[in-house]
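1. Next comes the sequence, and after it the predicted model I'd like to discuss.
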Amino acid sequence: MLEQADKAVVRDLEREDLPAVAQLFQNTFRRGIPAPPPSLVEYLREILFEHPWHDEAIRSKVYVSGRGVVQGFIGVFPGRFEFDGRPLRAAFAGSMMVERPEQNPLAGARLLRAFLAGPQDISLTETANSVALGMWQKLSLRPDVGYSLNWLRVFRPATATVRIMETRWGAAGLLKPLGSLADTMSEKAGLSVLRAPAPAGARSTGFRDASQQEFRDALLALSHEYPLRPQWDDKLLDWLIGHAAQKRSFGTPSWRVGETRTGKLVGAYAYFGRPGGIAWLLQALSSPAAAGDLVDDLFSQADAQGCAGLRGAGHPWLAPELISRKTTFYGRSYYLAHARDKELLQPIRAGQALVSGLAGENWMRLIGDTFD
């Protein structure tokens, strides 16, 4: 038991709590779907208790009422990182949920404090919403701007507008044919200025489709460009990529690697997309000189696939190239980091840390996917 006041307690998650956590997930993020499917309970068990880096000392937390009812939850995911050769224990705070927060106004803060009080060297989150952000800020912890710069590149504006509207009002999906027609007419009239141009043939980096294994090997090699990075190995990356590949709500995954004319590996990225949808970038790594070619190839691929747009979370090493290519930046999810040793935060502040995407939380199906 970690904390007790007014009969409610915050404690470590146990396996028998998973059905209640799944129900809380449904109530919080899937309103209108009353009962959690068995696949959700099984998925929670797998990622919370069977993660290859599972650490009994760094576990998810639940807020339990005096009657023994689970009324709050914060997902905690262990990480093994290194900073200039120094091994680190890391923990990511994932989804935070509170049942009837108006009746339990302190539950979220207690869950967050329990997470931060863990034995990890560095505490991170890349998916804080505005409510969670406020809790972190009350503890004098500010978001990192570079990793919080969510971005959107639109290719087909009418279709993209309909898709964005549909996320808030499902009935807006009935406007899809009109959006597609408007974009087609605009293109025929020569008025489309947002389409991504085909990459020039004189690029110094050539990108090609890759298998999941080739993409994995590229990530292992490129991760050494970053002073703060995960201690990935083949087994761990295969597990993470395998989970990420199941996230089909954004479309089918594409794995790409980039090489110089002499065959030197300099870039890799993975995104999910489908015709008419808003594609989503999972991960992109590159040497500084290849960042522009990576962004050009990424945009060209997503546009050629028929995607209405492409979005991603903060990739500080890509930001200068994104800014110059008709990209919009906005606040959607926020990246925060805390460490007792402030030196560990310097690579994050400098945008030189590999701490997001497959190195963070966004590989999980809990973020943006559905369960049957």
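-> Thanks, I have the structure now. Residues are numbered from 1 along each chain as shown.
2. For residue 104, give me its contacts.
-> 8, 63, 71, 72, 98 (Cβ atoms under 8 Å, 6 or more residues apart in numbering). For the C-beta atoms, the positions are set from N, CA and C on the backbone; glycine is no exception.
3. Quick one: buried ones out of those?
-> 8, 63, 71, 72, 98 (16 or more other Cβ atoms under 10 Å).
4. And the pLDDT for the nearest residue to the second one once chain neighbours are set aside?
-> Using Cβ to Cβ, 6 or more residues apart in numbering and skipping the chain neighbours, the partner closest in space to residue 63 is residue 72 (3.0 Å). Taken from the predicted model, the pLDDT recorded for residue 72 is 95.
5. Against residue 290, how distant is residue 63?
-> Separation of residue 63 from residue 290 (Cβ to Cβ, to the nearest Å) stands at 46 Å.
6. Can you check my assumption that residue 351 lies in a strand?
-> No - read with DSSP: H, G, I helix; E, B strand; the rest coil, residue 351 is coil and lies in no strand.
7. What distance do you get for it to residue 228?
-> The value you get for residue 351 to residue 228, if Cβ to Cβ is used, is 11 Å.
8. So for those two, which residue has more residues nearby?
-> Under the criterion of other Cβ atoms under 10 Å, the comparison of residue 351 against residue 228 puts residue 228 first, with 24 against 18.
9. For the more buried one, give me its contacts.
-> Taking Cβ under 8 Å, 6+ apart as the test, what residue 228 contacts is 81, 82, 83, 344, 347, 348, 352, 353, 354, 355.
10. can you pull the pLDDT of the closest residue to the third one other than its chain neighbours?
-> For residue 83, the nearest residue in space outside its immediate sequence neighbours is residue 228; the separation is 4.8 Å by Cβ to Cβ, 6+ apart. At residue 228, the model reports a pLDDT of 97.
11. next one: residue 200
-> 59.
12. Also residue 187?
-> Predicted confidence (pLDDT) for residue 187: 71.
13. Equivalent analysis for residue 176, please.
-> pLDDT, residue 176: 73.
14. Next one: it from residue 196, what distance?
-> 21 Å.
15. likewise residue 151?
-> 14 Å.
16. and residue 351, how far is that from residue 148?
-> Relative to residue 148, and taking Cβ to Cβ, residue 351 is found at 11 Å.
17. show me where the stretch 101-250 of the chain has strands.
-> 122-128, 143-144, 150-154, 205-209, 228-230 (DSSP state E, counting those that start in this stretch).
18. Pick the most buried one from those.
-> Compared across the strands of the stretch 101-250 of the chain, strand 122-128 shows the largest average neighbour count, a mean of 25 (mean count of other Cβ atoms under 10 Å).
19. show me where the stretch 101-250 of the chain has helices.
-> 107-116, 130-138, 145-148, 157-168, 176-188, 212-222, 234-244 (DSSP state H, counting those that start in this stretch).
20. related to what we said a few turns ago, would you list the strands of the stretch 101-250 of the chain in JSON lines and tack on distance to residue 105?
-> Shown next, in JSON lines, are the strands of the stretch 101-250 of the chain (distance: least, Cβ to Cβ, whole Å):
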{"stretch": "strand 122-128", "distance to residue 105": "18"}
{"stretch": "strand 143-144", "distance to residue 105": "22"}
{"stretch": "strand 150-154", "distance to residue 105": "28"}
{"stretch": "strand 205-209", "distance to residue 105": "50"}
{"stretch": "strand 228-230", "distance to residue 105": "35"}
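21. Nice, that's everything, thank you.
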